[in-house]
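Asks: below are the sequence and a predicted model; questions follow.
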Amino acid sequence: MIAAFSGQAKPMRVSTAGSGGSDERMFTVISQGLQSGSQRQSGRSYTVSYSRLSATLRQITAGGGQVLSVTPASEASAAPSPAQSAPAKAAAPKASSPKASVTKKPDHSSVPVNLYKPKTPFIGTVTENYSLLGEGAIGRVNHITFDLTGGDPHLHYVEGQSIGIIPDGEDAKGKPHKLRLYSIASTRHGDDMADNTVSLCVRQLQYEKDGETINGVCSTFLCDIEPGAKVKITGPVGKEMLLPEEEDANVIMFATGTGIAPMRTYLRRMFESSEREKNGWNFRGKAWLFMGAPKTPNLLYDDDFNRYESEYPDNFRYTKAISREQQNAKGGRMYIQDRVLENADEIFAMIEDPKTHVYMCGLRGMEPGIDEAMTAAAAAKGIDWSELRPQLKKAERWHVETY
Ligand code: NAP
């Protein structure tokens with residue numbers, strides 16, 4: 001497979017060396033699950049071809065089982081079966097995993113946290129509130145900006161953090177509403193580069209209960225708010241989704257819906273010309289965004305991302321999963337994890353590079369599919385993903401904020 005970042009001096013070739021190189025390479029999958037009708041753990045071993053590997057993993061997890069290991073068939077055959085050894089985890093054959101190192105251990109001590117708390121929130125002023133959706137989109141998603149001028153301390157933040165909003169009014173018990181956290185959608189400089197605003201990307205939550213449509217309290221408050229209105233703001237919070245400092249880092253992003261918020265901050269910091277001039281951070285690695293939306297008019301900040309892709313073809317790649325317009329290989333809705341599966345070998349090759357960070361934000365439902373795709377891609381190189389992923393997490397290269 002050849003990477004689609006254009007203009008590379010040498011196309012990136014993904015090697016499957018050592019594992020045979022064809023789709024009929026054989027793998028041994030060892031799984032564990034509850035035996036039907038009893039509480040006894042049962043271990044099973046399957047030998048499948050690479051082309052059947054993803055489907056097999058999906059079947060195991062869909063049936064409530066757990067995948068203990070995936071290894072090239074010859075390697076696994078020497079290992080004891082999980083049924084023979086206890087505890088079952090110890091049965092997983094040792095697969096090699098590359099050292100998940102970072103070039104430099106990040107120092108987060110200067111990242112601001114909790115400058116404003118719920119009892120004494122900062123009072124921000126709305127400067128703009130506009131729809132991010134195109135004609136024919138589903139639902140309501142707005143971009144809302146607050147002026148942060150005048151606080152002591154100044155309410156500041158960095159890319160990847162969240163702020164709290166306390167909506168006006170009271171709950172059913174007559175108590176003030178509690179705060180809701182939202183991922184920040186602007187860089188530390190703000191959309192106007194004046195260092196004194198923060199923006200959010202908010203979808204109005206709506207659901208049916210007893211035949212009635214219920215509107216989310218805070219999301220409706222925010223989507224309806226007018227410029228000039230005062231809003232109680234807390235935070236910032238969060239160190240999970242911070243960007244690496246290295247300019248040559250690679251950044252893979254998986255976002256569904258409003259989970260795009262932190263990704264927009266990263267991409268503005270990397271590719272928006274006013275940002276690059278001001279922030280002194282000249283990103284020169286590879287960034288690859290996977291974005292999931294129900295329909296084309298629901299794609300958020302799409303024009304900006306298309307522009308970055310045309311201006312920086314060597315550094316930015318943008319892959320969309322439009323669930324209600326595109327179909328996956330099985331004829332179902334096209335989700336992020338289907339796109340990950342299509343590109344699994346290439347993504348995994350990037351992950352093997354210690355400079356690569358992965359960010360995931362949005363619906364929790366995308367996680368198992370992404371794991372399955374990575375398990376298969378890792379297995380094709382004789383690597384056990386269930387061992388590698390915790391290493392990536394520990395090395396602060398695997399960043400997840402999903403709801
Ligand atoms: P949305 O527009 O409802 O959905 C986005 C896309 O995800 C749609 O194409 C949807 O497909 C698809 N999708 C549905 N189920 C999926 C699954 N199991 N796996 C992969 N894709 C799936 O999204 P949204 O309402 O903006 O929601 C985004 C979610 O992210 C919310 O739950 C929100 O709370 C959360 N969020 C989290 C953070 C954070 O953690 N910091 C920040 C922002 C948002 P279909 O609808 O066509 O099935």
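Replies: Arrived safely, thanks for sending.
Asks: show me the contacts for Gly139.
Replies: Leu133, Arg203, Gln204, Gln206, Asn298 (CB atoms under 8 Å, 6 or more residues apart in numbering). (C-beta placed from N, C-alpha, C; glycine too.)
Asks: among these, which lie within helices?
Replies: Assigned to helices by DSSP state H, none of the contacts of Gly139 qualify.
Asks: from these, which has minimum pLDDT?
Replies: Within the set of the contacts of Gly139, pLDDT is lowest for Gln206 (95).
Asks: count the neighbours of it for me.
Replies: Neighbourhood size, Gln206 [other CB atoms under 10 Å]: 13.
Asks: which parts of the chain sit against the ligand?
Replies: 183, 203, 256-259, 261, 292-294, 298, 323-324, 333, 335-337, 361-363, 365-366, 401-403 (CB under 6 Å from any ligand atom).
Asks: repeat that with 8 Å
Replies: Within reach of the ligand by CB under 8 Å from any ligand atom, the chain has these residues: 138-139, 141, 162, 181-183, 201, 203, 205, 241, 256-262, 292-294, 298, 321-324, 333, 335-337, 361-366, 369, 401-403.
Asks: just the buried ones out of those, please.
Replies: 141, 162, 181-183, 201, 203, 205, 241, 256-262, 292-294, 298, 321-323, 333, 335-337, 361-363, 366, 369, 401 (16 or more other CB atoms under 10 Å).
Asks: okay, and which of those residues map to strands?
Replies: Judged by DSSP state E, strands contain the following of these: 141, 162, 181-183, 201, 203, 256, 292-293, 321-322, 361-362, 401.
Asks: need the max-distance pair from the residues you listed.
Replies: Taking CB to CB, the two most distant members of these are Leu181 and Ile322; they sit 27.6 Å apart.
Asks: got any ranges where the stretch 51-200 of the chain has weak pLDDT?
Replies: Applying pLDDT under 70 to the stretch 51-200 of the chain picks out residues 61-64, 66-68, 70-105.
Asks: strands of that one, start to end?
Replies: 66-72, 122-131, 141-147, 162-166, 180-183, 197-203 (DSSP state E, counting those that start in this stretch).
Asks: got the domain boundaries for this structure?
Replies: 26-91, 122-237, 250-402 (automatic domain parsing).
Asks: I'd like these written out as TSV, with distance to Ser109 added.
Replies: What follows is the domains of the chain, written out as TSV (distance: least, CB to CB, whole Å):
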stretch	distance to Ser109
domain 26-91	36
domain 122-237	12
domain 250-402	14
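Asks: so of those, which one's packed in deepest?
Replies: domain 250-402 (a mean of 20; mean count of other CB atoms under 10 Å).
Asks: how far out from the middle of the chain is it?
Replies: 6 Å (CA atoms, centre = their mean, to the nearest Å).
Asks: start to end distance for it?
Replies: 21 Å (CA to CA, to the nearest Å).
Asks: next, the distance between the ends of stretch 164-178.
Replies: 9 Å.
Asks: and the residue nearest to Asn142 when sequence neighbours are not counted, what does it touch?
Replies: Distances taken as CB to CB, 6 or more residues apart in numbering place Cys223 nearest to Asn142, at 4.9 Å, with adjacent residues excluded. Residues in contact with Cys223 (CB under 8 Å, 6+ apart) are Asn129, Arg140, Asn142, Ile144, Val202, Gln204.
Asks: got the CA positions of the one helix or strand Cys223 maps to in PDB?
Replies: Here Cys223, judged by DSSP states H and E, is contained in helix 217-224. Output in PDB follows, covering the C-alpha atoms of helix 217-224 (Å, rounded to 0.1, in the frame of the first residue of the first chain):
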ATOM      1  CA  VAL A 217     -30.300  22.100  29.200                       C
ATOM      2  CA  CYS A 218     -26.800  23.600  28.600                       C
ATOM      3  CA  SER A 219     -26.600  22.800  24.900                       C
ATOM      4  CA  THR A 220     -29.900  24.600  24.200                       C
ATOM      5  CA  PHE A 221     -28.900  27.500  26.500                       C
ATOM      6  CA  LEU A 222     -25.700  27.900  24.400                       C
ATOM      7  CA  CYS A 223     -27.200  27.300  21.000                       C
ATOM      8  CA  ASP A 224     -29.900  30.000  21.700                       C
END
